[in-house]
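Student: Predicted coordinates and the sequence they were generated for:
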Amino acid sequence: MHHTLDKAHRKFRADRKIAVIGSGISGLSAAWLLSKSAHVTLFEADSRPGGHSNTADAVIDGRHIPVDTGFIVYNERNYPNLTALFSHLGVATEDSDMSFSASLNNGAFEYGGTNIATMLAQKSNILRFSFWRMVYDIFRFYREAPAAAKETSGLQLTLGDYLDAKGYSRRFVEDHILPMGAAIWSTTADQMRAYPLAAFTRFFESHGLLTLVDRPQWRTVSGGSRSYVTRMLEQINGDIRLSTPVRQIHRIDTGVRLTLDHGEEQEFDAVVVATHGDQALSMLADAGETEKRLLSAFRYTVNDAYLHSDARQMPRRRKVWSSWNYLERKRADDISLCVTYWMNRLQNIDEDYPLFVTLNPAEPIREDAIHARYTYTHPLFDRGAIEAQRDLWRIQGRGNVWYCGAHFGSGFHEDGLQSGLAAAEALGGMRRPWSVENESGRIHLPPNLVAAE
């Protein structure tokens, strides 16, 4: 058994001092659970806690409307711990919608995926053989890809290789499956080609995206995700230090020493690093070879997000408008992703107040229509990253340093939550206050930990 998992090496003391770096869902959940058995200090480099749980207020006609700009939706089937957390905290949620549209070549080709009416909202599509070939390939991919992924050896076959080998039409590849994947993972179409087929189909299948029936009901947090962030912070027993970047982590005989932004030093019994992999590696003063190899395997994409009221960032045809809208103004695989979320549809906001969130706008947004702007960083899941995931737990607890983050799974809220709770349980000895089936099913845990759940 690995030394970090050997209970003889654990010291569950109520007077332990534990630092948590990062206040996204991973760090929040780790700090929240750890504070039930230790004194926790939560460090956040930003002036705002919550990471991608970022609710902004759009002010229209004197009315303040809360709108989420990062984490927006979840479903109970694929987010069991998040569902349990919201229930435990008494967070109100409501039904949402997860429809998808694509607007390609400056609106020359558009369709929506909600129903046959949105698919054919552009009447000329009816007469296009290439359009019907795309529809045929959609059903074909839904039917064949899951089995093909199971037959492949490990991670060798990428999505792009599979699509080329099976002769899928250019329209299906460039106008449907790559845009949909790019919109979900906030990456470029070219980067989606490098996504391992097995991981891609596993995610699509589990989320009901490879079927036209039995799709899960998506939900959103009433009043914005900041409501759950506030409740978690209120329940953390310890100190919360915003605008306090941690520059270095030094392993010492009694635990760890953190060097803060202005040279201040603090010592703790242990630290949980709830940041992106590259950020975690940059903080380690004495990273081991395994830590260097695994943490450097994760690459990231940077996306500019705008909350605005400019409808020009939506498909040209109003009938096509969906919750997620992939926009391409000029044809190129490596061009930055541009996707607009229709927040009125996603968060049940009165359409008299049009509100959108656009990532990487392909054309400028009217300045007078912008309510807020942010920069988000998303993990990029290529073959190297997914191979590294399998070994991430091997570095847990080495020199009293622990890790968590959405990069332990598929990059979403449930992945970050599962990794934060699992790290806190292994370090702090306290169980989460609920039981759900397959509670760590989206991250790679050692068999002995999974068996103990």
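Tutor: Great, that's in hand. Keep in mind the model is a prediction, meaning the values are calculated, not measured.

Student: who's in contact with A311?
Tutor: By Cβ atoms under 8 Å, 6 or more residues apart in numbering, the residues touching A311 are P354, F356. Every C-beta, even on glycine, is put in place using the N, C-alpha and C of the backbone.

Student: SS state for M232?
Tutor: Using DSSP: H, G, I helix; E, B strand; the rest coil, the structure places M232 in helix.

Student: Count the residues that sit near it.
Tutor: 22 (other Cβ atoms under 10 Å).

Student: just checking, next helix/strand downstream of the one helix or strand S282 maps to?
Tutor: Assigned by DSSP states H and E, S282 falls within helix 277-283. Going down the chain from helix 277-283, the next helix or strand is helix 289-295, by DSSP H and E.

Student: other SSEs contacting the helix or strand where Q418 lies?
Tutor: Taking DSSP H and E as the criterion, Q418 maps to helix 413-428. Packing contacts for helix 413-428, counted by 3 or more Cβ pairs under 8 Å, 6 or more residues apart in numbering; DSSP states H and E, involve helix 25-34, helix 80-89, strand 270-273, strand 401-403.

Student: now with 10 Å?
Tutor: Counting contacts by 3 or more Cβ pairs under 10 Å, 6 or more residues apart in numbering; DSSP states H and E, helix 413-428 packs against strand 17-21, helix 25-34, strand 74-75, helix 80-89, strand 270-273, strand 401-403, helix 447-452.

Student: any idea of the angle it forms with helix 25-34?
Tutor: Here the directions of helix 413-428 and helix 25-34 differ by 40 degrees (axes from the mean of the first three to the mean of the last three Cα atoms, to 10 degrees).

Student: one step back: got the buried residues for the helix holding S282?
Tutor: G277, D278, Q279, A280, L281, M283 (16 or more other Cβ atoms under 10 Å).

Student: Which strands and helices lie in contact with that helix?
Tutor: Using 3+ Cβ pairs under 10 Å, 6+ apart as the contact test, the elements touching helix 277-283 are strand 17-21, strand 246-252, strand 270-273, helix 289-295, strand 299-308, strand 370-380, strand 401-403.

Student: Let's see stretch 249-263 as CSV, backbone CA atoms only.
Tutor: Provided in CSV are the C-alpha atoms of stretch 249-263 (Å, rounded to 0.1, in the frame of the first residue of the first chain):
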residue,chain,number,x,y,z
ILE,A,249,5.6,25.7,-1.1
HIS,A,250,8.6,24.4,0.9
ARG,A,251,8.5,20.9,2.4
ILE,A,252,9.9,21.0,6.0
ASP,A,253,10.2,18.4,8.7
THR,A,254,7.1,19.5,10.6
GLY,A,255,4.9,19.9,7.5
VAL,A,256,5.1,22.7,4.9
ARG,A,257,6.1,26.4,4.7
LEU,A,258,4.2,28.7,2.4
THR,A,259,5.8,31.9,1.0
LEU,A,260,3.1,34.4,0.2
ASP,A,261,3.1,37.3,-2.3
HIS,A,262,4.9,39.8,-0.2
GLY,A,263,7.5,37.5,1.4
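
Student: What lies in contact with that stretch?
Tutor: Residues outside stretch 249-263 that contact it (Cβ atoms under 10 Å, 6 or more residues apart in numbering) are 16-19, 21, 41, 43, 45, 241, 243-248, 264-271, 273, 280, 282-288, 398-401.

Student: go with 7 Å
Tutor: Residues from elsewhere that reach stretch 249-263 (Cβ atoms under 7 Å, 6 or more residues apart in numbering): 19, 244-248, 265-271, 283-286, 399-401.

Student: How about stretch 389-399?
Tutor: By Cβ under 7 Å, 6+ apart, the list of residues contacting stretch 389-399 from outside reads 2, 4, 251, 288, 290-291, 294, 402-403, 408, 423, 426, 444-446.

Student: quick check, nearest of those residues to T340?
Tutor: For the contacts of stretch 389-399, the residue nearest T340 by Cβ to Cβ is F408; the value is 29.1 Å.

Student: Assess the claim that the closest one and D415 are in contact.
Tutor: Yes - under the criterion of Cβ atoms under 7 Å, F408 is in contact with D415, at a separation of 6.1 Å.

Student: intersection of neighbour lists for these two?
Tutor: Common contacts of F408 and D415, defined by Cβ under 7 Å, 6+ apart, comprise I443.

Student: Can you say which of the contacts of stretch 389-399 are buried?
Tutor: Buried among the contacts of stretch 389-399 by 16+ other Cβ under 10 Å: T4, R251, E291, L294, W402, Y403, F408, A423, A426, H444, L445, P446.

Student: Identify the residue nearest the last one in space, chain neighbours excluded?
Tutor: This means P446. W393 (5.6 Å; Cβ to Cβ, 6 or more residues apart in numbering).
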